[in-house]
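A.B. asks: Sequence and predicted structure, then a few things I'm wondering about:
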4 protein chains.
Amino acid sequence: MRISIDVELDYALSEPGPAILMLEAAGASGQELHRTSIDFGPVDRFARVPGEEGIGERIVLRAQDRITCRYSAQVSITRDCPDLDALAADEVDEMPGDALRYLLPSRYCQAERFTAFANRRFGELRGGRKVAAIRAWVEDRLDYVAGISTPDTTAADTFLQRQGVCRDYAHMMIALCRAAQIPARIASVYAPSVNPPDFHAVVEVYLQGGWHLVDPTGMARADEMALVAVGRDATDVAFMTTMSFAHMRRQSVQVRRDADAS
Amino acid sequence: MRISIDVELDYALSEPGPAILMLEAAGASGQELHRTSIDFGPVDRFARVPGEEGIGERIVLRAQDRITCRYSAQVSITRDCPDLDALAADEVDEMPGDALRYLLPSRYCQAERFTAFANRRFGELRGGRKVAAIRAWVEDRLDYVAGISTPDTTAADTFLQRQGVCRDYAHMMIALCRAAQIPARIASVYAPSVNPPDFHAVVEVYLQGGWHLVDPTGMARADEMALVAVGRDATDVAFMTTMSFAHMRRQSVQVRRDADAS
Amino acid sequence: MRISIDVELDYALSEPGPAILMLEAAGASGQELHRTSIDFGPVDRFARVPGEEGIGERIVLRAQDRITCRYSAQVSITRDCPDLDALAADEVDEMPGDALRYLLPSRYCQAERFTAFANRRFGELRGGRKVAAIRAWVEDRLDYVAGISTPDTTAADTFLQRQGVCRDYAHMMIALCRAAQIPARIASVYAPSVNPPDFHAVVEVYLQGGWHLVDPTGMARADEMALVAVGRDATDVAFMTTMSFAHMRRQSVQVRRDADAS
Amino acid sequence: MRISIDVELDYALSEPGPAILMLEAAGASGQELHRTSIDFGPVDRFARVPGEEGIGERIVLRAQDRITCRYSAQVSITRDCPDLDALAADEVDEMPGDALRYLLPSRYCQAERFTAFANRRFGELRGGRKVAAIRAWVEDRLDYVAGISTPDTTAADTFLQRQGVCRDYAHMMIALCRAAQIPARIASVYAPSVNPPDFHAVVEVYLQGGWHLVDPTGMARADEMALVAVGRDATDVAFMTTMSFAHMRRQSVQVRRDADAS
C-alpha cells in the first residue's frame, strides 16, 4: 500500500530555545520512502541526529519565537500484519540487549506495578496469544475520549480512569506486556485510517525474534502504518519537544491512501 | 589508582524467573580491568548483553528460588577529575544523538518540572560553572539519610523531602542539569571512599563534547571510581532487577584502594 | 455479643514532640462500654479532644523519646448486621451536611478518578445492592498481602496493584462508593475475628438515613465490631500520629469474644 | 469596610446530576451581611446544609444539563488584620479538637513531607513570627501564573514548580504551617483587591486560641475579606462541585469597595 502524508505545524514559543522534532517517516524495514520534503520556517539553524535504536531522526532546531514546518512524503508499506496467535515469546535470557531493555519499566509505563493484575488476568496465556488478549482487553476497557489525559498521564492513571487517547492506550498495553515479560515499546506512526487524522501512537512487541506493530485502539493496521520513531514511551517519540511553552497556532496532519498504480 | 572490588550477593526469590544483574566494572575509557571473576550460585543458565550506550554488560539469569553471586575484580583508574569550571556547555543543536537523548525527562528525573526553579536559582551561570553550582546545591540541601526513600522515590520527591541516599542525590542533580539544557545521566560505580561501603550512584554530565563523572554526595572522586553502567536513571543501572520479590539474605560490597605497586 | 480488648504499645520517638492516639472503643450507638482503662508510660501530660463527627476521642500526648500505652476494655455490641440489599440510597439533595461531606474525594480515596469505572461496572445497580456489589468486587479482586502497601498508598494505587491490607481494602471501597454518589467513610474498629489480631479498618456507608458498617475484607461482621473512630480516610483514624519518626518496639492487639454470661 | 459582591455563573453539565455550590458570604464572626440574594436557573430543586466547622452553607442542587446562578450581597467587614508577630502558638496538647484536626495532612497539603524543609528553613522561629516568615517565603518563591496548575496540583507539586494561582499559594502555606505544628486551613473569600477579580483562596492559621486570615499571595488584607467557607484544602471549599464534567459558559465575579456611608 502506498500512502501520502502532509503535515503542517505552526507554533509560537514563549522563549527562544532549542526544539526537537521527530515527524518524518523513517527509512525502516517494512516501508520504502518515495519522495519526502521538509521545510522549516524562521529557525536559526537545524541538525539531525539518529532516533532511538537508530530508527528515524531527531531534528534539532534553534528557534526564536516561532516554529513552522511543512512535511510531505509518499511511503510504500511492504510489511504484513502480524499473525499474533502464531508467534512465540522469547526466553528473557535469549533476548538481545535491545529487546531486553524494553522489559524495563519507564516513566509512563510502570510495568512493575501491573504484575499482579497481569498474572491474574492473562497468566494462563503464552506468547502472541497473550499479546492479542492484552490488546483486546485494552481496546475493550478504555473509551477513546480526548481531553481527559494530559502529558503527565501514565499507564497507571489510565488503568483507573478508563479513558484516553492513542498514547494512553499504547502506554497501558506496553505496561501490561512488560509485566508479562514481553518486551514492548511505543511507536509513532502515520496511518490513513486514523480518525480524526493526527499523529498516531501504537505498540511494538518483541515476539519470536522480531518486533511487530499492533494498535490497541484498533484504528490502524500494521500493513498501512508508516513508522516514524520508536522508544520506551511517549517522551522518546514526541513529534515536538521544546524547553519552554509552545502555543499551537495551527496543526494539520493529512494521511491518505493512494490509488493503486497498477 | 588501582582499586579492588569484592561483592557477595545472596537473594531468595519469591517465584522462579529471570533476573538481570549489572555489577561488573566495565571495560570503559578511563579505567583498565586487571583481573575479574564472577560466579553464580544455583542458576539454570545465564547470558550477557551490552548495557546502555554499549557500556558494561547486563547478565541475564534464569533462576529458581535463589540467586547467589561472588564478584571480584581489580581495576586501574586512569581518568582525571574533571575541572568543571573550565568546561563549556555544547549547543543543543551541536550535540550527537547519544548526548541529546539525555536531555529528555525520565521516570525518576522529571526535568521539565524543574525548569522554573533551575532558571531562578542557576539561570545566571553557564556550562561547567552551572554544573558545579548545581552539584554543590544538591549536596548542601540534602541530608544523607538511609531508609527515607524507596524504589519509587523521584527527583521531585527528593526536592521536597530533602533527604535521601546516593541514588536520590543523583536523580535530583540529573533533573536540574537537564532542566538547564545540559545532558546528564546516572552512572553506577564502585569507589573506595564510599561509606558505608555499597554500590554507589553518581552523575555523568555532557560538557565540551564529552561525559564527565561527578558525585553530588561529595563522597567519591572521578579518579577513584570504577564505572559499571550508565543510563537515564536508576532503572537502567540497577545492580539487580527481578520480576518477583527478591529477599536479601546477604549483601556485601568491599572496595579498597590498593597500595601503590611502584 | 461482648468482646474484650487488650492493647499494648511501646514506641521510641526520634524527637520529643506531641503524639495523637486514637485507640479506645467509642461511646457510640450500637455498643456499650462495660469497663475501660488506659495507662500511658513516660509522657509529660495528655489531653482529650473529640474525634471526627464527635465519635471517639483523640488523646494528645506530649512525649520525650518514648510512648507506652496499655489499654483494656470490655464492650457489648448491640447493633445488627445491615441487610444491604434492603437499604435504599438517599438523594444527594436530601442528605444532611455530615453525610454529604463524605461524598467528597480525599487524599487516599480519590473518588472522582473512579467515576468512569464505577459507572461501567456498577452503573446498573442501586442503593444497598450497589454497595454490596462493590464490597464483593473489592474482596474478590484484592489479595490480602502485608508489606506491599505503605502509608502513602492510595485507592488509585491499590486499584492497580491488587494487593493490600484492611486499610487499602477500605480506601478502595470508599472511593468506589463515593464515585457512585453514596457517602462512605473509614471506620477503625476492633473485632475478634481479625486474623492476625490487629487494629482493623472497615467502611461505613450512608444508606436510608443512617450509617452502616461493612468490611470489604470479609473478615469481620458489624455485630462484632467495637467502633473506635470514623473519618474521611486513614489520616483521620490513625491509632497513632507523631510528628517525628516513631520506631515500634512492641505492639500487641488482643480481641476476644467473651463467653456468654447468660 | 463595606464591600459589594456580584457573581454570575453559567455552566453546562455533561450529565444530569447533583451539584454542590458554596459561594455565599458566610454569617461569620468579623463580618456582617447587609443584603444577600441568590437565584438559580433551571434546577429541579435545591437544599442547604452547613459547611465545614458550621461556617457558611453548601447548596445542593439537582440539575439537568445546565446550572446558572446569580448571587449578590453587601457585607461589612469588621475584623482587623492580625498582627502576626504578636501572636503566640498554642501547645498541641492545649488545642481544641477543631484546631487539632487542621494539623493533619490532607490531599493537597501533604504536611508530613515538608517536615525536613520546614525545620531547616523556619526552625528557629516561633508562633506568629514563623507564620509571617512562611507567608513571605511562599509569596517570594512562587510566581503567580495562571494555567500551570490543575485541580490535581498539590502543595508538593507547587513546591517544585514554583508557579501557581491563589489556591496553590494557599496549599503550600498550609502544608508548611502544619509541618511546623501550627494548625492551618484553607478559606475561600471575596476581596475587592483581587486582580483579576475572581473567587479567592487564602489561609487561616490558628494562633493564640483563634483563627486568623492571611493571604500568601499578598493580594488581599484580612480587613477587606468576606469569608465564604473553610476546610482542609480546596476540596472542602470549591465554589462548585459536580459529579460529571461541567463546561463553563460564563463566569463573572465582581467585588467592589463601597464608598463610606459616613
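C.D. replies: Right, received. Where do you want to start?
A.B. asks: Is stretch A:243-261 positioned near chain D?
C.D. replies: No. Residues of stretch A:243-261 contacting chain D under Cβ under 8 Å from any Cβ of the partner chain: none, with a closest distance of 9.0 Å. Heads up, the C-betas are built off the backbone N, CA and C, glycines and all.
A.B. asks: give me the element the nearest residue to A:Thr153 once chain neighbours are set aside is part of.
C.D. replies: What sits nearest to A:Thr153 in space, not counting adjacent residues and going by Cβ to Cβ, 6 or more residues apart in numbering or on different chains, is A:Asp168, at 6.0 Å. A:Asp168 belongs to helix A:166-179 when elements are defined using DSSP states H and E.
A.B. asks: just checking, what packs against that helix?
C.D. replies: For helix A:166-179, the elements it packs on are helix A:115-122, helix A:127-141, helix A:155-161, strand A:184-190, strand A:200-207, helix A:234-237, judged by 3 or more Cβ pairs under 8 Å, 6 or more residues apart in numbering or on different chains; DSSP states H and E.
A.B. asks: Could you export it as PDB, CA atoms only?
C.D. replies: In PDB, the C-alpha atoms belonging to helix A:166-179 read as follows (Å, rounded to 0.1, in the frame of the first residue of the first chain):
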ATOM      1  CA  CYS A 166      -3.900   6.600  21.400                       C
ATOM      2  CA  ARG A 167      -0.900   7.500  23.600                       C
ATOM      3  CA  ASP A 168      -2.700   6.300  26.700                       C
ATOM      4  CA  TYR A 169      -3.900   3.100  25.000                       C
ATOM      5  CA  ALA A 170      -0.300   2.400  24.000                       C
ATOM      6  CA  HIS A 171       1.200   3.100  27.400                       C
ATOM      7  CA  MET A 172      -1.300   0.800  29.100                       C
ATOM      8  CA  MET A 173      -0.700  -2.100  26.600                       C
ATOM      9  CA  ILE A 174       3.100  -1.600  26.900                       C
ATOM     10  CA  ALA A 175       2.900  -1.700  30.700                       C
ATOM     11  CA  LEU A 176       0.900  -4.900  30.600                       C
ATOM     12  CA  CYS A 177       3.200  -6.600  28.100                       C
ATOM     13  CA  ARG A 178       6.300  -5.800  30.000                       C
ATOM     14  CA  ALA A 179       4.600  -7.000  33.200                       C
END
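A.B. asks: Report the distance from that helix to the chain centre.
C.D. replies: 11 Å (Cα atoms, centre = their mean, to the nearest Å).
A.B. asks: repeat for stretch A:116-125
C.D. replies: How far stretch A:116-125 lies from its chain's middle: 25 Å, per Cα atoms, centre = their mean.
A.B. asks: So for it, mean pLDDT?
C.D. replies: What stretch A:116-125 shows for mean pLDDT is 96.
A.B. asks: Disregarding flanking residues, what is the spatial nearest neighbour of the residue in the stretch 151-262 of chain A positioned nearest to chain B?
C.D. replies: Of all residues in the stretch 151-262 of chain A, A:Thr235 sits closest to chain B, at 5.2 Å by Cβ to the nearest Cβ. Counting by Cβ to Cβ, 6+ apart, B:Leu104 is the residue found nearest to A:Thr235 once chain neighbours are left out, at 5.2 Å.
A.B. asks: who in chain A is up against chain C?
C.D. replies: Residues of chain A lying near chain C by Cβ under 8 Å from any Cβ: A:113-114, A:116-117, A:120, A:143, A:156-157, A:159-163.
A.B. asks: secondary structure element for the closest residue in space to A:Gly41 that isn't next to it in sequence?
C.D. replies: Once flanking residues are discounted, A:Gly41 sits nearest to A:Thr68: 3.0 Å by Cβ to Cβ, 6+ apart. Using DSSP H and E, A:Thr68 sits within strand A:66-77.
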